[in-house]
Every structure is written in C-alpha cells, then in structure tokens.
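Visitor: take a look and give me a structure for this.
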Amino acid sequence: MSQEKAFKTLEDLGFTQLDARVYVLLAKKGPQKAGEIAKFLKLPKQTVYFIIKNLQKAGVITSTVERPAKFSAVAFERVLDLFVKTKIEEAQNIQRNKNEILLDWQSITVEKNDETSPKFTVIEGRNIIYSKIQQMIQQTQEHLSTITTIPNLVRANCFGLFDPIFEKKSTIKFRFLTELEEQDIGALKGLLKKNPKQKINLEIKTPDLSLKLSRMVIRDDKEAIFFINANTDPSTLEKDEVCLWTDCRELVQSFVSIFEDSWNNATNVETRIDEIENGKTSPKTIVIKNPETAYEKYAEFTRLAQRDILILTSSTGLVEYFKNRNQAKVWAQSGVSVRIMAPIVNENLEAAQQLMKFCEVKHIPIGYVGATIIDSKYLFQFKTPTSRRELNGSLSYFENSIFTDDSEFVKKTENMLNDLWKNASVPSIVPLKSIVTASAPKVIGSSGKTRYSNYRKIIGWIEETEQTNLTEKDVLDKILNAEKISIKDPLNEVSVGYFSSGMSVIHPPPYLNLPDMIVMARHVDKQSSFGAEDMLAIFLEIKTPSGHEYVRAATVGDNPVAVEFRKKLNAGTLAEQYCHLVGENEIQARLHGNTLFVGWTVPIPLYPPPLVLPPACIMFEGYGKLNTGVVKTQTSSGHVHVSEFNGFDAFVTFFHPASKYSGPGTDGFLRRDVIMTSYPPKLIGATHLSQK
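Guide: Predicted coordinates:
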C-alpha cells in the first residue's frame, strides 16, 4: 500500500490528517518519544501530546512505562479489525434500539421547516453515495435515467445497488447510457444474463461517438445526483467518489436535457455488441487496421472533397491541421467548406485563429473520438492524438480506423455532429487572461501618462502579476500550517483567506438572453479570517464610452460575516445593493482533485435589472501544467489583495436550465490552492506589503 493510500484509508476510518501522520510515522520508524515525533513532523509538542492522547483512546497506539515514554503503532491489520468491529457493533446497536430511538424522536417537538425549498448537498464516499442511489431507485415511480460506465455498473451490481430495480413493477422505465468497449462486452453480457431484462422495463444504450461521460442519476425528473469526477478509467475505481445531489427543479431539468440529448443519439447496446463482435458497424463499413493504409485513404478522400468537410479532432490534432494549412488554402480556393471542432486551449489558440482565415473553427469539450465526414458521403472515425509525442513520426492514432460509406450511418452521425456544431462556441479573440491582466494601466511614452489596453477590463479591478520564486510546495505548506487570524475591524485590519477558486468568461448563446459574463467562484476554508464560505461573483459586459467593460453585477455567499464585510466595503454603490446572503443549502462549491464544481438553487438578481441568473451549475476542469504564482489585485475600495496560488488553465462547463454551455480552455482558470492576504488602504504602503 502506498503512503498516500494509507493516509486516505486512515482518514476514511475517522482519523484526522494529523492523527494519520503520527500513526504512519510510528508504523514506519518504530517506537518514538513525543519530542522525536514533534521534531520529525515539525509540530508543537502540545499538539503532539493531544494527538497521542486521542490515538491511545482509540486503541491504535501503545506506550512504554518508562519516562519519557515511547509510543508504538498497533499493527495495521488490528486497526482495521478494530474499526470494522466497532462499526458493526454500532450498526447492530442502532438496529436493536431502532424502535426506542424512533419513539424518543417522535416525542420531541420539532419546528417545521420549509421542506419545499430546493436543496443542494455534497455526498462523499462510495458507500454513502450508493445508499443514496439505492434510496432513489426505491422511490422511483415512473422512470430512472443513468449515465455510467460498465466497470461502475458491474461494481454497483456487486454491491446489490440495483436489487430494488428487479423488485419494481414493469411499468417503471429504467434507462442506462454507457460507453461500450470490446473489453467490457464479457462483463456486460454476464450482468445481463444474471439479471434478464425481461423482468423489468430496462433499456441500455451506448453513444455513437465516444465521449467523456458525466456520470449522473436522475429520478422521475425530480432529483438528480451528478458525479464531480468523471472516473471513467477502471484503474481509478478505488478512489473516493464525490457527487452532488439536488432536488432543485431547474438544475434537475439541466441534467435531464443532457441525458436526453445523449440518449437520442445513442444505439441499443445489443446492436453495438453485435457490431463489435463482427468487427463492423454496418454492411458497408470496414476497419482499417494498418495505420499507414488508413492515413493514405484518409488523405485521398479529403483531397478529393468537392463540397464540404466536417472534422472532429483533439487540441493537438488541431495543431496538425494548422501545420498542413496549405491544404486548407486549397480547399478554400476550390470552394470546399471546411468546419473543424476541437478543444481550444492556450497552446493552440493561435493555430485556431490562423486556420479561421481559411475555414470555420469552433470549440468543443475534450473527450470526443476523432471523426471526419466528407461530402456527406464518407465517414472516418479514429483515435485522436492526445500529445505532440504521439504525433511526431507516428501514425499510431490511425490504427484500427473505421471507414464507412453507409448512407444511413453517415447521415445519422452527420446530424449528431451538426447538432454539436450548433452548440459549439467560436474561439474568443479576447481570452480571460487578457481581460484580467489588461486591467492594469500601462505607461506609454515618457510623459508618465497611463491608459488601459484596448482589451476589455473589469471595472474597479486592477490585477498585476508579481515576480516570485514561490513553489507548489511552498503554497501547500503555508495552507497546511495555516492558523486562523481573527479580526475585529475587517475594514482596517489585515485578513487572510484560504480557498480554491475558479474564474471564467462565458459567452452564452443568444437564446439564453444573457450578455457575456465573467463568473468567479470560491470555496473558502474555515481557517480563513471570516470562516468558511461558498461564494459566487458575476460580472456582466457592458458598453461604456471607453469600450466594452465588465461591471460587478452580483455577489452571493453563505457566510453572514463575509457578506456584511462586502456590503460595508462597497457602501453606497450598486455592488452593495447586489450583494446577497443565501443559505448553506442554496449554494455549494466543492473541489475534487483538479475539478471545482459550483451550483446554486436560487435565482440571482443581476445588475442591470431585470436580468436574473437562474439556478445553474458551473464546473471548472483544470488541465495542463500546474503554475504557481503571485498576483496583486487592487479594488476600487482601495483594498489590495495579494494572492499566492497553485493553479491551472481550465475548461468550463456551464449547466444552464436551457442548455449545456462548454467554454474553451482559454476562457477559464482554476486556482486550486490560494492564500489571499487583504490589506486595507491605510496599510498599503507598509513595509510588509512591499516585501510581498
């Protein structure tokens, strides 16, 4: 077992992070004195004594009678047995006393709550999630819709998760949407054989084009569970699950729309099994195993295109089309319409903009299989290159390419790609980094006069990047050793916040009736000066005499102290009027790995009225190389925020009740670990600030 996995297992058993560190140290190094533990882990002795006391009470470490005592870890196997036994005894005790507990509870006068208000809850841990899903299945009256993977489907069945399905009457419809690979056929057949679907109204489909599935469960269009981590890789099945549950009508409808779109463009799993086992997807389809042959055939058909070419590729594949842009010029000169869809990121933004001189380019989320349709007659499907190394001197991604001229299959796939094209976004010429960093005034000439750049900017927000030698470990160590700095006068004292944040430009499609916006979300940790908080800030683009700018249109948060501080900070302005306090179950922001998920169940009034942002969700998915940095942000109130962070560029998905909007990787970033120190105006010139 790796050390990281050992820590995770201990935390799952109820150990705190520090408890786990002490136990693992003793297990690895043998008996140690308290002072030796404190020195090795760089912890205060008082803290170590407190941890030791807790671990001794739990029976997982022992001590010698000598003074000073030496402490030893109980064997890990015994620790597991101890906790398993404890949990079993607890469960048995609750079961034995269930009736008495219920009678006691019924005797308590409980104030009635408004159970009709929408709720939003984070659920962590596979067992708890499975229990919730099983409860949803038992409560299903009409239909249950699920997007999952075959490994997760089989694993859930082993846990008895779907047993309630086979007890339901046949009028209830159960639908499962799952990707199917050749290696999964045996497992799925075994599952279907064990639980013959004739007993129930069960239908399983698989998408016609491979895509990154967002796992979810929807019951009767009334409640939904959405998994934050895609977890489609069987090798990651042992990792903890994190999902969000909601009964908010608007959010549930967003997930229903996503499911129905995918379901309508999917094939019955029996048909797909037959296609895979026979090595073809239609009577006129061939699998070209040799990559050189596949490439030559692909090059020939695209070169002979007469009317139009529709291409679906990866971010790296887009760069390859840019390298071969002479062919794009020939297509343009010959009147051939070329449309390319690919994930747009900072690394390929210039390539996309150059290609747009000869053809149309749009952004799609990462994860789709490569596909090209030529003149609505021929279809190629192949693995898309995911790295430059895979491209250099290799055609391996053309191996086992599929080619078909089956008109029915080509037409079906083309319709699906056209729908994808309609909802895809054009790469922005003003990415988020330009908007944020261009807000800083730039000196021109020798007169000392300043002006803003021609790019859009955020009104009342000037952000500058600081030079730093900070490392990822430096930031993590500061957060790990953080101590809360209490303040009495927030307007005049230094405060410190520890949080994860996401920021994105969103260009909503016209039918959403919303202008371009910047969304900033935070999940603030409890050791911050104002305490824990989930918050969201919305900036809307408006046209001003100096050009297009973004103005703060609303801020919402669930921490009364922090919200009151923001109101005082913006007293007498529109920002104060549009600063709202919401309940803890009305907004949730959660970080899992390099993904930040934010959702809210209440409509948010925006400036200018009558604009309103309805309940929705946003997911920031960090990608690429981690970067560590320091930025200084000066606000219109005169406060300066110095942020030290570890972060990534991010793809952003905006789950709106009317649609699912996916933004380019150039339009968002995720700051996974942030330490923000805020200085009031009177301390701006202080020495410790300049040293930052």
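
Visitor: what segments of the stretch 401-550 of the chain are strands?
Guide: Assigned by DSSP state E, counting those that start in this stretch, the stretch 401-550 of the chain shows strands spanning 401-404, 442-443, 450-451, 457-458, 461-466, 495-506, 517-524, 533-544, 547-557.

Visitor: can you lay out the ones you listed as JSON lines showing distance to residue 597 and mean pLDDT?
Guide: For glycine as for every other residue, the C-beta is placed from the backbone atoms N, C-alpha and C. JSON lines is the format used below for these (distance: least, C-beta to C-beta, whole Å; pLDDT from 0 to 100):
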{"stretch": "strand 401-404", "distance to residue 597": "35", "mean pLDDT": "86"}
{"stretch": "strand 442-443", "distance to residue 597": "36", "mean pLDDT": "40"}
{"stretch": "strand 450-451", "distance to residue 597": "39", "mean pLDDT": "34"}
{"stretch": "strand 457-458", "distance to residue 597": "24", "mean pLDDT": "75"}
{"stretch": "strand 461-466", "distance to residue 597": "25", "mean pLDDT": "72"}
{"stretch": "strand 495-506", "distance to residue 597": "9", "mean pLDDT": "92"}
{"stretch": "strand 517-524", "distance to residue 597": "9", "mean pLDDT": "93"}
{"stretch": "strand 533-544", "distance to residue 597": "11", "mean pLDDT": "89"}
{"stretch": "strand 547-557", "distance to residue 597": "16", "mean pLDDT": "88"}
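
Visitor: looking at these, which is nearest to residue 373?
Guide: strand 401-404 (10.2 Å; C-beta to C-beta).

Visitor: who does the closest one pair up with?
Guide: Using DSSP bridges, the strands paired with strand 401-404 in its sheet are strand 285-288 (antiparallel), strand 378-382 (antiparallel).

Visitor: other residues contacting the longest one?
Guide: What it means is strand 378-382. Strand 378-382 has contacts (C-beta atoms under 8 Å, 6 or more residues apart in numbering) with 209, 294, 298, 301, 369-374, 397-405, 409-410, 413-414.

Visitor: which of the strands paired with strand 401-404 is buried the deepest?
Guide: Each of the strands paired with strand 401-404 was scored by mean neighbour count; the highest is strand 378-382, a mean of 23, by mean count of other C-beta atoms under 10 Å.

Visitor: just the buried residues of the contacts of strand 378-382.
Guide: Buried members of the contacts of strand 378-382, counted by 16 or more other C-beta atoms under 10 Å: 209, 294, 298, 301, 369-374, 397-404, 409-410, 413-414.

Visitor: narrow these to those in helices?
Guide: Judged by DSSP state H, these include 294, 298, 301, 409, 410, 413, 414 as members of helices.

Visitor: correct me, but the fourth one touches residue 285?
Guide: Yes. Contact criterion C-beta atoms under 8 Å: residue 409 and residue 285 qualify, at 7.1 Å.

Visitor: give me phi/psi at residue 185?
Guide: Residue 185 adopts backbone torsions of phi -60, psi -50, taken as degrees, to the nearest 10.

Visitor: from residue 124, how far out is it?
Guide: 32 Å (C-beta to C-beta, to the nearest Å).

Visitor: which SSE is immediately downstream of the helix or strand hosting residue 102?
Guide: Per DSSP states H and E, residue 102 falls inside helix 98-106. With elements assigned by DSSP H and E, the helix or strand that comes after helix 98-106 is strand 120-124.

Visitor: what comes up buried for that following strand?
Guide: By neighbour count with 16+ other C-beta under 10 Å, strand 120-124 contains the buried residues 120, 123.

Visitor: which neighbouring elements make contact with it?
Guide: In terms of contacts (3 or more C-beta pairs under 8 Å, 6 or more residues apart in numbering; DSSP states H and E), strand 120-124 is packed against strand 242-246, strand 587-592.

Visitor: worst mean pLDDT among the ones you listed?
Guide: Of all these, strand 242-246 carries the lowest average pLDDT, namely a mean of 85.

Visitor: next helix or strand past it?
Guide: helix 249-264.

Visitor: name the residues that touch that following helix?
Guide: For helix 249-264, contacts defined as C-beta under 8 Å, 6+ apart pick out 118, 120, 145, 147, 175, 177, 205, 207, 211, 214, 216, 218, 221-224, 226, 246, 419, 599, 601, 614-617, 655-660.

Visitor: mind redoing it with 7 Å?
Guide: Helix 249-264 is contacted by residues 118, 145, 147, 175, 177, 205, 207, 216, 218, 221-224, 226, 246, 599, 601, 614-617, 655-657, 660 when judged by C-beta atoms under 7 Å, 6 or more residues apart in numbering.

Visitor: ChimeraX command to pick out the buried ones of those residues?
Guide: This is how ChimeraX selects the buried members of those, with burial counted by 16+ other C-beta under 10 Å:
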select :118,145,147,175,177,205,207,216,218,223,224,226,246,599,601,614,615,616,617,655,656,657,660
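
Visitor: so which of the contacts of helix 249-264 belong to strands?
Guide: Of the positions in the contacts of helix 249-264, 145, 147, 175, 177, 205, 207, 216, 218, 223-224, 226, 246, 599, 616-617, 655-656, 660 sit in strands, assigned by DSSP state E.

Visitor: mind checking which of the strands paired with strand 401-404 is nearest residue 47?
Guide: Proximity to residue 47 (C-beta to C-beta) singles out strand 378-382 among the strands paired with strand 401-404, at 56.9 Å.

Visitor: state the mean pLDDT of the closest one.
Guide: When pLDDT is averaged along strand 378-382, the result is 88.

Visitor: and what of stretch 187-199?
Guide: In this model, stretch 187-199 has a mean pLDDT of 67.

Visitor: surely residue 527 touches residue 482?
Guide: Yes. The criterion here is C-beta atoms under 7 Å, and residue 527 meets it with residue 482 at 4.8 Å.

Visitor: can you tell me the element residue 316 falls in?
Guide: helix 315-323.

Visitor: which sections of the stretch 51-200 of the chain are below the confidence cut-off?
Guide: Along the stretch 51-200 of the chain, segments meeting pLDDT under 70 span 65-67, 84-92, 101, 104-117, 159, 164, 166-170, 194-199.

Visitor: quick one, helices of it?
Guide: Assigned helices in the stretch 51-200 of the chain, in chain order: 76-96, 98-106, 126-139, 150-158, 185-194 (criterion: DSSP state H, counting those that start in this stretch).

Visitor: to residue 522, which of these lies closest?
Guide: Shortest distance between residue 522 and the helices of the stretch 51-200 of the chain, using C-beta to C-beta, is found for helix 126-139: 25.0 Å.

Visitor: give me the helices and strands touching the closest one, please.
Guide: Under the contact definition 3 or more C-beta pairs under 7 Å, 6 or more residues apart in numbering; DSSP states H and E, helix 126-139 sits against strand 216-219, strand 223-227.

Visitor: lowest average pLDDT across those strands?
Guide: Taking the mean pLDDT of the helices and strands packed on helix 126-139, strand 223-227 comes last: a mean of 90.

Visitor: show me what that one packs onto, helices and strands only.
Guide: Counting contacts by 3+ C-beta pairs under 7 Å, 6+ apart, strand 223-227 is packed against helix 126-139, strand 216-219, strand 242-246, helix 249-264.

Visitor: what's the closest of these to residue 289?
Guide: Closest approach to residue 289 among those (C-beta to C-beta): helix 249-264, 29.3 Å.

Visitor: now the closest one against strand 242-246, angle please.
Guide: Helix 249-264 runs at 120 degrees relative to strand 242-246, counting by axes from the mean of the first three to the mean of the last three C-alpha atoms, to 10 degrees.

Visitor: in the helix or strand just after helix 249-264, what's buried?
Guide: Following helix 249-264 in sequence order, the next helix or strand is strand 266-268 (DSSP H and E). By 16+ other C-beta under 10 Å, the buried positions in strand 266-268 come out as 266, 267.
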